[in-house]
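Asks: Next input, structure requested:
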Amino acid sequence: MGDCFAALSYLFTFCGLVEGDSIGKFENSFADRVGVRHACSFSSGRVGLYGLLKVLEIGDGDEVLLSVPTHIVVANAIRYTGATPLYVDCDPLNFNMDLREARKRITPKTKAIILQHTFGIPVDLEPATDLAREFGIPLIEDCVHALGARYAGKPVGSFGKAAFFSTEETKTISTTMGGMVVTDDDEIAEKMREFQKTCASPSPWLAYRYVLKLVLYHLLMQPHVHRYSRPIYEWLGNYHPLPRPTCHKELLGEKPDNYQQRFSNAQAFMGLRQLCRLDDNLSHRAEIAARYHNGLAAQGFKRPKIPSQAEPAFVRYPVLVENRAAAVKKLAPWLVLGTWFTSVLEEAISPHQAGGYCPGSCPRAESAAKHLINLPTHPRVSIEDADTILEKLKNSLC
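Replies: Model (predicted):
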């Protein structure tokens, strides 16, 4: 509740909504947390990725390896540069990029590999970095799900040429919307700062709505009131008093007119507060994930396989069920079950038309998209809530 009270100072006074010193403080603290020298904030992770690809001079005629399932906005960021995403099937054991498939798809036109740490499970980074080094291809870490995850004792986001994170409302920490590009490369950092300057600042009204949405999301998404509050929250989103994370043009694969935007000071202030509590947040998620892990094993479910040197930070806990609609229906009166990745390109109106995905090219990802649900791990989920989920999931085995 402390974040809600802090947000009220912005909602009632309008002071420091857009510009202020919280932005620089948040960027510096974020870089420290990831263990790199530089961090550069944007209105979303997708804008940061787009800027990073431009800084790496990726464009017309180039190809970028991208694992599926992922979100359409990641593919969009590649396509907006003029480059082509080459989709790589996932490892069915953890939904990360199958590195053997990635090797097969590398061509002379391949200019980058984007590694998504899906659900907060780190990719096996030792062979991944070896692969990138062998072919001389920049490695970009997609850490949108994975703030706080580690590999070989180091934070994810510190292994590639650069990495991008998200602080959208469903992520490990939330500023309603927001993204960060991090790097240890001084030249990339300097160019990212130049790109940041070309991005428009959000209007005071948009920044105000971001803060308002953060408060409402926190209050309305409490597990014990979710049954009643979710329809209200969806109605508010549908009628647009609150900003939506992805606009209709993006779902079609088209670039919105106001795509390149900066992060606001009010959002940075909220992010700083949550970054200070990140260890407690991660400890809670680890406890809930362990509850799922053990409970699902007892029921005979396949659990995600974690690379030997990886320490996941589950933004959500993935599980495959035979009938997703039935599983979601069982839990709907009590808790929200995530349904990320109901398509190889989540939320795309048409993966083929919007993202250039060729149906049948990544069969394991397509299968996962039919059976995946993801269990909540956020700090408002209690042990009792987790046990309720496990009880309701009985007989949903895939």
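Asks: Residue 84: neighbouring residues, count only.
Replies: 18 (other Cβ atoms under 10 Å). Using the backbone N, CA and C atoms, a C-beta is placed for each residue, glycine as well.
Asks: Can you list the buried residues in whatever helix or strand residue 271 lives in?
Replies: Using DSSP states H and E, the element containing residue 271 is helix 265-276. Applying a neighbour-count criterion of 16 or more other Cβ atoms under 10 Å, the buried positions in helix 265-276 are 265, 266, 267, 268, 269, 270, 271, 272, 273, 274, 275.
Asks: From residue 38, how far out is the second one?
Replies: Here residue 266 is placed at a distance of 23 Å from residue 38 (Cβ to Cβ, to the nearest Å).
Asks: Is the nearest residue to residue 263 once chain neighbours are set aside in a helix, a strand, or coil?
Replies: Take residue 263 and drop its neighbours on the chain: the residue closest to it by Cβ to Cβ, 6 or more residues apart in numbering is residue 41, 3.9 Å away. Three-state assignment for residue 41 (DSSP: H, G, I helix; E, B strand; the rest coil): strand.
Asks: Give me the contact list for stretch 23-35.
Replies: Stretch 23-35 is contacted by residues 37-41, 147, 154-155, 157-158, 163, 165, 180, 182, 263-265, 268-269, 271-272, 275, 278 when judged by Cβ atoms under 8 Å, 6 or more residues apart in numbering.
Asks: Try it again at 6 Å.
Replies: By Cβ atoms under 6 Å, 6 or more residues apart in numbering, the surrounding residues in contact with stretch 23-35 are 38-39, 41, 155, 157-158, 180, 182, 265, 268, 271-272, 275.
Asks: pLDDT of it, averaged?
Replies: Mean pLDDT, stretch 23-35: 98.
Asks: pretty sure residue 141 belongs to a strand, no?
Replies: Yes: Residue 141: assigned to a strand according to three-state DSSP.
Asks: so the closest residue to it other than its chain neighbours bridges to which residues?
Replies: Excluding the flanking residues, the one nearest residue 141 by Cβ to Cβ, 6+ apart is residue 163, at 3.7 Å. In this entry, residue 163 is beta-bridged to residue 141, residue 182, by DSSP bridges.
Asks: How much space separates residue 163 from residue 15?
Replies: Distance from residue 163 to residue 15, by Cβ to Cβ: 33 Å.
Asks: Out of the two, name the residue with the larger neighbour count.
Replies: Taking other Cβ under 10 Å, residue 163 and residue 15 do not tie; residue 163 has more neighbours (31 against 10).
Asks: quick revisit: pick the one among the buried residues of helix 265-276 closest to residue 284.
Replies: Within those, the smallest distance to residue 284 is 12.7 Å, found for residue 274 (Cβ to Cβ).
Asks: Low-confidence stretches in the stretch 251-398 of the chain?
Replies: 333-336, 396-398 (pLDDT under 70).
Asks: what's the answer for the stretch 101-250 of the chain, then?
Replies: For the stretch 101-250 of the chain (pLDDT under 70), the answer is 218-241.
Asks: Could you pull out the strands in it for me?
Replies: For the stretch 101-250 of the chain, the strands defined by DSSP state E, counting those that start in this stretch cover 110-116, 139-142, 150-151, 154-155, 162-166, 179-183.
Asks: before we move on, the earlier item: quick one, the helix or strand just after the helix holding residue 271 and helix 265-276 angle?
Replies: Using DSSP H and E, the helix or strand that follows helix 265-276 in sequence is helix 278-298. Here helix 278-298 runs at an angle of 60 degrees relative to helix 265-276 (axes from the mean of the first three to the mean of the last three Cα atoms, to 10 degrees).
Asks: For helix 278-298, name the packing helices and strands.
Replies: helix 383-392 (3 or more Cβ pairs under 6 Å, 6 or more residues apart in numbering; DSSP states H and E).
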